[in-house]
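[1] Predicted model follows, preceded by the sequence.
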Amino acid sequence: MVTLAISWLSVALGLVGKSVESASNLPMPLILLPFLGSGFVPPDSMPVGLRWFAENQPFTPVMETLRGLLMGTPIGNRALFAVAWCAFIGLVGYRWAMALYNRDPSRS
């Protein structure tokens, strides 16, 4: 689900680009999001602002759900948040990409 959601968002960002270079570089900041989550460092050890961001960004519930499932620990409602984030990002990316793809080229 994460891959599908991020792929649609990347397609939309690529369609926004005015050149090949900008189209390939616009989705690049998405690569940094997992590093600013709970995947490598627990958010409790982060400074307050970064902790808030790490706890509320889309990759944290996904990583915590996967960690819980692989280690056999309880996941609580993290899976629900992970699915909700993926569905939201995928739907927004899909709708945005389709709107950009179907736009009238004479108006651009």
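    Good, I have the coordinates.
[2] how deep is Leu13 tucked in, by neighbour count?
    Other residues lying near Leu13 total 22 when counted by other CB atoms under 10 Å. C-beta: built from backbone N, CA, C; applies to glycine.
[3] and it, how far is that from Met63?
    Counting by CB to CB, to the nearest Å, the gap from Leu13 to Met63 is 22 Å.
[4] now Trp96
    25 Å.
[5] Ok, Gly17 next?
    The value you get for Gly17 to Met63, if CB to CB is used, is 29 Å.
[6] out of those two, which sits in the busier spot?
    Met63 (18 against 14).
[7] Verify the stated contact: Met1 with Gly90.
    Yes. Met1 is in contact with Gly90 according to CB atoms under 8 Å; the separation is 7.2 Å.
[8] which residues are in contact with the longest helix along the chain?
    Looking across the chain with DSSP state H, the single longest helix is helix 78-101. Contacting residues not belonging to helix 78-101 are listed as 1-2, 4-12, 15-16, 58, 61-62, 64-65, 68 [CB atoms under 8 Å, 6 or more residues apart in numbering].
[9] From the chain's centroid, how far away is that helix?
    Taking CA atoms, centre = their mean, to the nearest Å, one finds helix 78-101 lying 9 Å from the centre of the chain it belongs to.
[10] Stretch 73-93 now?
    The mean C-alpha position of stretch 73-93 is separated from the chain mean by 10 Å, CA atoms, centre = their mean.
[11] can you check stretch 45-56 too?
    Worked out by CA atoms, centre = their mean, stretch 45-56 lies 17 Å from the chain centre.
[12] Flag every buried residue along that stretch.
    By 16 or more other CB atoms under 10 Å, the buried positions in stretch 45-56 come out as 46, 51, 53-54.
[13] what do you get for stretch 58-73?
    58-66.
[14] list the helices and strands the lowest-mean-pLDDT helix or strand in the chain packs on?
    Sorting the helices and strands of the chain by mean pLDDT, DSSP states H and E puts helix 20-25 at the bottom, at a mean of 90. Where contact means 3 or more CB pairs under 8 Å, 6 or more residues apart in numbering; DSSP states H and E, helix 20-25 is packed against helix 2-16.
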